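*Asks:* what's the 3D shape of this:
(one chain, ligands or ions: 1)
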Amino acid sequence: MERKAQPEDCSNDLDPDYFPIPPEAAKAMNTCYIASTYSTCTLEEISAAAPGGLRWFQLYVHRNREVSKNLVQRAEASGFQALVLTADLPYTGRRRDDIRNGFRLPPHMKLKNLEGAFEGDDSSEYGLPPNSLDASVTWNDIYWLRSLTQLPIIIKGILTREDAELAVRHGVQGIIVSNHGGRQLDGGLATIDALVEIVEAVQGRAEVYLDGGIRKGSDILKALALGAKCVFIGRPALWGLAYKGEEGLQDVLRILQDEFRLSMALAGCASVSEIGPHLVQFSKL
Ligand SMILES: Cc1cc2nc3c(=O)[nH]c(=O)nc-3n(C[C@H](O)[C@H](O)[C@H](O)COP(=O)(O)O)c2cc1C
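*Replies:* Residues are numbered from 1 along each chain as shown. Sure thing, here's the model as predicted:
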């Protein structure tokens, strides 16, 4: 699909043919892009936008399991390299800002991966039936996912050592310590505070990543020092896109990378392998 130039402003009046594609920026910056189940481009379009890029697919499990099975198989067939199962959204949190601002997807944007999946029932503002997610998902559903795909399974939304232990016992290859950017359970733990006990519980049996509140290179340094293998960003990517499309996202990634390098140097680390818990001093209060 031909893409048009970035519109001058960020109003809701976007050109329907314009869509910024983050995977291109992620590939250009040699980093990983996680595509959402609720992406407004199809998995196949995302793959075609950045062939050879590192990309994972984030799954929300729907009540109609055939819908989810189909998505998992499409992701694998179109070259996604891992499956990220989001575990902290049995229901959508109460997002007061979205309610106050009357947030809706602009009419020309659709949840394209799910088009046709809920034919005849598009009663919510996202074009999905309300409560279409399966809130009864249990740990055993990881075995169900395993039966559908060869891809590594990563679980997103873990905040305690107990859940980390269960995740590893059920055979996941990775854990994203996440509170969904604070958009789900109000008052949930900050991810940086949850990280240490999760890394201790996992003991290298799975990779541990973190997202939430990464805004500066020194935030990355702290997360790595406390045992995260890498970090992800949510909102900063959106701010870059709103500012200047793909170029704006590359700017965000470059700033984070530069600041991370600088923080490493100022902390006396010549390589990532030198980053460790010795860099962080805990408050004794
Ligand atoms: C607008 C918006 C949409 C999001 N959509 C999804 C989603 O579809 N699936 C998901 O697992 N997480 C979703 N998240 C959560 C992010 O994946 C991530 O956990 C969070 O944004 C990280 O925090 P940060 O924004 O402080 O970097 C969304 C977050 C935002 C702000």
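
*Asks:* from here on, just use CA atoms for contacts and neighbour counts.
*Replies:* Fine.

*Asks:* which residues sit against stretch 265-274?
*Replies:* Met264, Ile275, Leu279 (Cα atoms under 8 Å, 6 or more residues apart in numbering).

*Asks:* and if we set it to 7 Å?
*Replies:* With Cα atoms under 7 Å, 6 or more residues apart in numbering as the test, stretch 265-274 has contacts from Ile275.

*Asks:* ok, the residue lying closest to Arg74 once chain neighbours are set aside to the ligand distance?
*Replies:* Closest residue in space to Arg74, ignoring its immediate chain neighbours: Leu43 at 7.4 Å, by Cα to Cα, 6 or more residues apart in numbering. Relative to the ligand, Leu43 is positioned 13 Å away (Cα to the nearest ligand atom, to the nearest Å).

*Asks:* burial of Leu43, as a residue count?
*Replies:* Leu43 has 24 neighbours, counted by other Cα atoms under 10 Å.

*Asks:* go on, Ser178?
*Replies:* Burial of Ser178 is recorded as 28 neighbouring residues (other Cα under 10 Å).

*Asks:* got it, and Gly79?
*Replies:* So Gly79, with other Cα under 10 Å, has 19 neighbours.

*Asks:* helix or strand: which one has the closest residue to it other than its chain neighbours?
*Replies:* Leaving aside its sequence neighbours, Gly79 sits nearest to Ser47 (Cα to Cα, 6+ apart; 6.9 Å). Assigned by DSSP states H and E, Ser47 belongs to helix 43-49.

*Asks:* tell me the mean pLDDT for that helix?
*Replies:* Average pLDDT, helix 43-49: 95.

*Asks:* begin at 775, not 1, for the rest of this chat.
*Replies:* Will do, 775 is the new start, and the previous item becomes helix 817-823.

*Asks:* how about it: buried residues?
*Replies:* For helix 817-823, the neighbour count (16 or more other Cα atoms under 10 Å) marks Leu817, Ile820, Ser821, Ala823 as buried.

*Asks:* show the subsequent helix or strand relative to it.
*Replies:* Sequence-wise, the next helix or strand downstream of helix 817-823 (DSSP H and E) is strand 829-833.

*Asks:* what helices or strands is that following strand leaning on?
*Replies:* For strand 829-833, the elements it packs on are strand 807-809, strand 857-860, judged by 3 or more Cα pairs under 7 Å, 6 or more residues apart in numbering; DSSP states H and E.

*Asks:* now do the shortest one, average pLDDT.
*Replies:* Mean pLDDT, taken over the full extent of strand 807-809, equals 97.

*Asks:* residues in contact with it?
*Replies:* Pro797, Ala800, Leu828, Arg829, Trp830, Phe831, Gln832.

*Asks:* switch to 6 Å and redo it
*Replies:* Strand 807-809 is contacted by residues Pro797, Ala800, Arg829, Trp830, Phe831, Gln832 when judged by Cα atoms under 6 Å, 6 or more residues apart in numbering.

*Asks:* quick check, nearest of the residues you listed to the ligand?
*Replies:* Gln832 (6.0 Å; Cα to the nearest ligand atom).

*Asks:* do you know the pLDDT at the closest residue to the closest one other than its chain neighbours?
*Replies:* Once flanking residues are discounted, Gln832 sits nearest to Val858: 4.4 Å by Cα to Cα, 6+ apart. On pLDDT, Val858 comes in at 98.

*Asks:* contact partners for Val858?
*Replies:* With Cα under 6 Å, 6+ apart, Val858 has these contacts: Phe831, Gln832, Leu833, Ile928, Ile929.

*Asks:* tabulate those in TSV, adding columns for distance to Glu939, neighbour count and pLDDT.
*Replies:* Formatted as TSV, these follow (distance: Cα to Cα, whole Å; neighbours: other Cα atoms under 10 Å; pLDDT from 0 to 100):
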residue	distance to Glu939	neighbour count	pLDDT
Phe831	23	25	98
Gln832	21	24	98
Leu833	21	22	98
Ile928	13	26	98
Ile929	12	25	98
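
*Asks:* farthest pair in those residues?
*Replies:* Phe831 and Ile929 (11.4 Å; Cα to Cα).

*Asks:* give me the low-pLDDT residue ranges for the stretch 925-1059 of the chain?
*Replies:* Within the stretch 925-1059 of the chain, the segments meeting pLDDT under 70 span 1058-1059.

*Asks:* helices of this protein, start to end?
*Replies:* All helices of the chain, identified by DSSP state H, fall at 796-802, 817-823, 839-851, 870-874, 915-922, 935-943, 965-976, 991-999, 1009-1040.

*Asks:* let's have those in TSV, adding distance to Thr811.
*Replies:* Output for these, formatted as TSV (distance: least, Cα to Cα, whole Å):
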stretch	distance to Thr811
helix 796-802	15
helix 817-823	9
helix 839-851	8
helix 870-874	20
helix 915-922	15
helix 935-943	21
helix 965-976	23
helix 991-999	26
helix 1009-1040	17
